[in-house]
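> Fold the following.
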Amino acid sequence: MPDSTAQPYERAPRSESGTPIVLVHGSYHQPAHYDPLVRNLRELSDNVTVPDIGMLPLPESTALVQDIVDRAGSPPVVVGHSFGGAVAGALRGVRHVVFLSGWVLDVGETAADLLAKAGDDDPGAGAEFAQALRFTADGTRAWIDPAAAPDLFYADCPPETAAHATGLLRPDTALNFTLGPTAAEWKRTPTLYVATRQDRTWPPSLAEEFASRCDAVVTLETGHSPCLSAPDRVSGLVGSLL
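Modelled structure (predicted):
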């Protein structure tokens, strides 16, 4: 599993093959969070899709994105950011999966179980995320405290970017903490893990485990949201796979 620290990337040329790109957003986020990255990706491919999977349980979001993949015309490069990685890794018929600080889950693994194990190994691990998490009284929806979000997700972004991104955050279903994928197609698909060294959302040991499951790893000196803080670097990586 080669590991490298990313350098600034030249903008890749537009894909002559018209390779589709599908970008799967993370929990609490929405497609508008990825506008800077999507603008770059649309200079590389005419076929860029960012489905809205907000509030969908993992099986339903996977089915929605699988339908997009099946209709893409040719196998796409799929980018899964954060928990979007759980969707991306379950998709069949994909050219390459890019886990952008993403969850790489095996069949039956859940976020709740892996976070609990990481907490057992290091009681302070993931504390910042846990302290920022809020739930409705019935426990069905979760969201991130807006006061904590800028430091948690966007600490390396300009203040105005962090403020705008925080305003776009929204509740999500709490079911996804306890739902695992029913397929691990990432084991049969070329994979790239984009690690974010300054990430404050989860225990470093968990990110290291996910990276170890992938064919290649590139490390960015960013926080959890390089789609906002380093879109040129991310699009350069994606472009190299088209």
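> Now do the end-to-end distance for stretch 206-218.
One end of stretch 206-218 sits 16 Å from the other (CA to CA, to the nearest Å).
> After the helix or strand bottoming out on mean pLDDT in the chain, which helix or strand is next?
The least trusted helix or strand in the chain, going by mean pLDDT, DSSP states H and E, turns out to be strand 3-5, with a mean of 49. Following strand 3-5 in sequence order, the next helix or strand is strand 21-24 (DSSP states H and E).
> How far away from the center of its chain is that next one?
Between the centre of strand 21-24 and the centre of its chain there are 10 Å (CA atoms, centre = their mean, to the nearest Å).
> Equivalent analysis for stretch 134-146, please.
Relative to its chain's centre, stretch 134-146 lies at 21 Å (CA atoms, centre = their mean).
> Start and end of it, how far apart?
End to end - CA to CA - stretch 134-146 spans 10 Å.
> can you map out the helices along the protein?
Ranges of helices in the chain, per DSSP state H, are 35-41, 58-70, 84-88, 111-121, 127-132, 149-153, 159-168, 204-212, 226-229, 231-239.
> buried sites along the fourth one?
Counting neighbours by 16 or more other CB atoms under 10 Å, one finds that the buried residues in helix 111-121 are 111, 114, 115, 118. The C-beta positions use only the backbone N, C-alpha and C, and glycine is treated the same way.
> So which of those residues is the closest to residue 219?
Nearest to residue 219 among these: residue 118, at 19.3 Å, using CB to CB.
> which residues sit in contact with residue 88?
Contact analysis of residue 88 by CB atoms under 8 Å, 6 or more residues apart in numbering lists 24, 65, 78, 79, 80, 94, 97, 98, 99, 102, 186.
> Adding neighbour count, write those out as a markdown table.
Shown next, in a markdown table, are the contacts of residue 88 (neighbours: other CB atoms under 10 Å):
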| residue | neighbour count |
| --- | --- |
| 24 | 31 |
| 65 | 25 |
| 78 | 32 |
| 79 | 32 |
| 80 | 28 |
| 94 | 25 |
| 97 | 29 |
| 98 | 26 |
| 99 | 29 |
| 102 | 28 |
| 186 | 27 |
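> my guess is residue 99 meets residue 196, correct?
No: Residue 99 is beyond contact range of residue 196, at 10.8 Å (criterion: CB atoms under 8 Å).
> how close does the residue positioned nearest the centre of the chain sit to residue 25?
Residue closest to the average C-alpha location in the chain (CA atoms, centre = their mean): residue 81, at 1.0 Å. In this view, residue 81 and residue 25 are 6 Å apart by CB to CB, to the nearest Å.
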